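> Fold the following and give me the result.
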Amino acid sequence: MFTTVRYFIKTSILFLLLGVFAGIYASISEYIFGVGVSPEFVSGHTHIILVGSVMMMIMGVALWFFPRPEKDDKRYNPDRIMVVYWIMAISTGARFVLQITDSFLILAPLQWLMTAASVFQGIGMLMFFYSIWGRIRAVGSQYREAKGEKF
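Below you'll find the predicted structure:
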């Protein structure tokens, strides 16, 4: 497993832990103190788990498992993937912090920053899938399928 994959997977685990602790806080707030949390808090909690943990895990595992890029693949660039990692890690972490903060303090600048973080997450995902598109290909299985093997 190479370094960039480890970054994606370990960051995914950290984001999952953040999401779990946010969920514990929400449960205590709701069921022990009877106060509950705002929709912004719920959105931050859900987002850090789905995009932060699940999506970054998918990205890391895809980098690890998919076939190596072909020699003439112009889309795949390890440096670009590292840029994607930083875009995803920073924008996802920022969105989580901003949404949790916004659940306690409603400030217009936070909402603009949350929107910017969301846009950067979309850009990061598009860059990632553009980069690995050529790696989504058959490597040997097409010959076995041609012989009638079913998967």
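> Mind telling me what element D72 is part of?
For D72, there is no enclosing helix or strand under DSSP states H and E.
> Summarise which helices and strands the worst-scoring helix or strand of the chain on mean pLDDT is packed against.
Least confident element among the helices and strands of the chain, by mean pLDDT, DSSP states H and E: helix 141-146 (a mean of 75). With contacts defined as 3 or more CB pairs under 8 Å, 6 or more residues apart in numbering; DSSP states H and E, there are no secondary structure elements packing on helix 141-146. (C-beta placed from N, C-alpha, C; glycine too.)
> Might you calculate how far it sits from the centre of the chain?
Relative to its parent chain, helix 141-146 has a centroid offset of 33 Å by CA atoms, centre = their mean, to the nearest Å.
> Flag every buried residue along that helix.
By 16 or more other CB atoms under 10 Å, helix 141-146 has no buried positions at all.
> swap in stretch 54-69?
By neighbour count, with 16+ other CB under 10 Å as the criterion, the buried positions of stretch 54-69 are 55-57, 59-60, 62-63, 69.
> For it, what is the distance to the chain centroid?
Centroid displacement of stretch 54-69 relative to its chain, using CA atoms, centre = their mean, is 11 Å.
> Tell me where the chain is predicted with low confidence.
In the predicted model, the chain carries pLDDT under 70 at residues 151.
> 90 - rerun?
Regions of the chain meeting the criterion pLDDT under 90 cover residues 1-2, 67-71, 106-111, 136-151.
> That one: strands as residue ranges?
Using DSSP state E, no strands are found in the chain.
> I figured V84 hits S131, correct?
Yes - taking contact to mean CB atoms under 8 Å, the distance of 7.0 Å between V84 and S131 places them in contact.
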